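Engineer: return atomic coordinates for the entry below.
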Amino acid sequence: MRIYFFLPFILIAFFFFSHNYSFFFVADSNETVLHTNSLIKSSSLNWWEIDSLTAEGYGSIPVGESDFFRAKLLAKRIALLDAYRNLAAAAGIIHITAYDTLTNHKVEALIKGADVLSESYDELGNCSIVLSVPIYGLSNSFAMSAFFPVDKLNFPAPTGNVVAKGNYTGLIIDCGDLELNPVLSPVIRDENNQSIYAYGNLDYDKVIAKGMIGYSEKKSLKLRNEDEIILLKLNGSENEFKQIGSKIFLAGADGNLSRAGDNPLIIKAESLGDDNSCPVISAEDADKILSENLTTHFLDEGAVVFTSNRIRGMRL
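Structural biologist: As a prediction, this is how the structure comes out:
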């Protein structure tokens, strides 16, 4: 009778301990990490905002380990493995073009050189590690794995008789409310499907060092004179502005916007192609861009920014 009385409590205790145990890593030869966060929580999905890819890994103190210092070392090992796995998963889904990502072999080689941004422990000795790989740069960057040298092509010649002003420092393609998918190697095309800006037009070393374009998320308001204000997200502040031509931008805007310089040519995208990654502009605007580039060569320098009210992170 006493056995039956205690049986429910025994079953509850068994379930509790077995359930908790499933969240810990058992330090054996299989090295299986059971405690992981989802990729969305553990990785930086908006790589285009900070020009780097980061991922966090977690490691718990193994059950039954009596030596606290050894337990912390094991937790660190678990966290590092978890961070590498999350970084590899994230790197594998960044799009080079709308349809291309890195091969598994290149992802593996890339993450081996990842930098440790932080390493921390809680009061129980559980470990958290953050790894990072730069998107651009001449040393172990994502771009070095994504791009390879090609024969450089000249930009197409303008087809119309456009008189260049000759004072533009860069190009901003405003995609408005169109949902933009960031990629490392986009193409700007005109309405006739003529490419006016692509990787093949640029120097390999410049693309590796700073990429082809910058992305800046924005939202639009209207002034009384109907000129558009582009308010860039800057730490949640929207009270400092900078005049650029007929447009007004946040002062001290992020590095991606400043990529286009103090006097950018601003062109409105008519649509997006290639899975919403490549802006399509009018033939007239394409001629304007190409004519101005003959004078100040901002396309050659990659001084190009895409803005949109909606920029997606990685496509999971």
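
Engineer: could you say what helices and strands the strand or helix carrying Ala143 packs with?
Structural biologist: Secondary structure from DSSP states H and E places Ala143 in helix 142-146. Applying 3 or more C-beta pairs under 8 Å, 6 or more residues apart in numbering; DSSP states H and E, one finds that helix 142-146 makes contact with helix 104-111, helix 204-210. Where you see a C-beta, it was placed from the backbone N, CA and C, and this is true even at glycine.

Engineer: parallel or antiparallel, which strands does the following helix or strand past it pair with?
Structural biologist: Counting by DSSP H and E, the element after helix 142-146 in chain order, helix or strand, is strand 170-174. Strand partners for strand 170-174, identified by DSSP bridges, are recorded as strand 264-268 (parallel), strand 304-308 (parallel).

Engineer: contacts for strand 170-174 next, please.
Structural biologist: Residues from elsewhere that reach strand 170-174 (C-beta atoms under 8 Å, 6 or more residues apart in numbering): 188, 218, 228, 230, 257, 259-261, 263-269, 279, 281, 289, 298-299, 301, 303-308.

Engineer: that older thread, how far does the helix holding Ala143 sit from its chain's centre?
Structural biologist: In terms of C-alpha atoms, centre = their mean, to the nearest Å, the centre of helix 142-146 is set 13 Å apart from its chain centre.

Engineer: do stretch 164-171 as well
Structural biologist: 28 Å.

Engineer: state which helix of this protein is the longest.
Structural biologist: What stands out as the longest helix in the chain, according to DSSP state H, is helix 68-91.

Engineer: now that helix and helix 104-111, what's the angle there?
Structural biologist: Between helix 68-91 and helix 104-111, the angle comes out at 130 degrees (axes from the mean of the first three to the mean of the last three C-alpha atoms, to 10 degrees).

Engineer: could you number the chain from 596 rather than 1 from now on?
Structural biologist: All right, first residue 596 from here; so that's helix 663-686.

Engineer: send the alpha carbons of helix 663-686 over as PDB?
Structural biologist: Output of helix 663-686 as PDB, limited to C-alpha atoms (Å, rounded to 0.1, in the frame of the first residue of the first chain):
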ATOM      1  CA  PHE A 663      33.600  23.500 -10.700                       C
ATOM      2  CA  PHE A 664      36.600  24.800 -12.700                       C
ATOM      3  CA  ARG A 665      36.600  21.800 -15.000                       C
ATOM      4  CA  ALA A 666      32.800  22.200 -15.300                       C
ATOM      5  CA  LYS A 667      33.300  25.800 -16.500                       C
ATOM      6  CA  LEU A 668      35.900  24.700 -19.100                       C
ATOM      7  CA  LEU A 669      33.400  22.100 -20.400                       C
ATOM      8  CA  ALA A 670      30.700  24.800 -20.500                       C
ATOM      9  CA  LYS A 671      33.000  27.000 -22.500                       C
ATOM     10  CA  ARG A 672      33.800  24.200 -24.900                       C
ATOM     11  CA  ILE A 673      30.000  23.600 -25.400                       C
ATOM     12  CA  ALA A 674      29.300  27.300 -25.900                       C
ATOM     13  CA  LEU A 675      32.100  27.600 -28.500                       C
ATOM     14  CA  LEU A 676      30.800  24.600 -30.400                       C
ATOM     15  CA  ASP A 677      27.300  26.000 -30.300                       C
ATOM     16  CA  ALA A 678      28.500  29.400 -31.500                       C
ATOM     17  CA  TYR A 679      30.400  27.900 -34.400                       C
ATOM     18  CA  ARG A 680      27.400  25.900 -35.400                       C
ATOM     19  CA  ASN A 681      25.100  28.900 -35.300                       C
ATOM     20  CA  LEU A 682      27.600  31.000 -37.200                       C
ATOM     21  CA  ALA A 683      27.900  28.400 -39.900                       C
ATOM     22  CA  ALA A 684      24.100  28.200 -40.200                       C
ATOM     23  CA  ALA A 685      23.900  32.000 -40.500                       C
ATOM     24  CA  ALA A 686      26.700  32.200 -43.000                       C
END
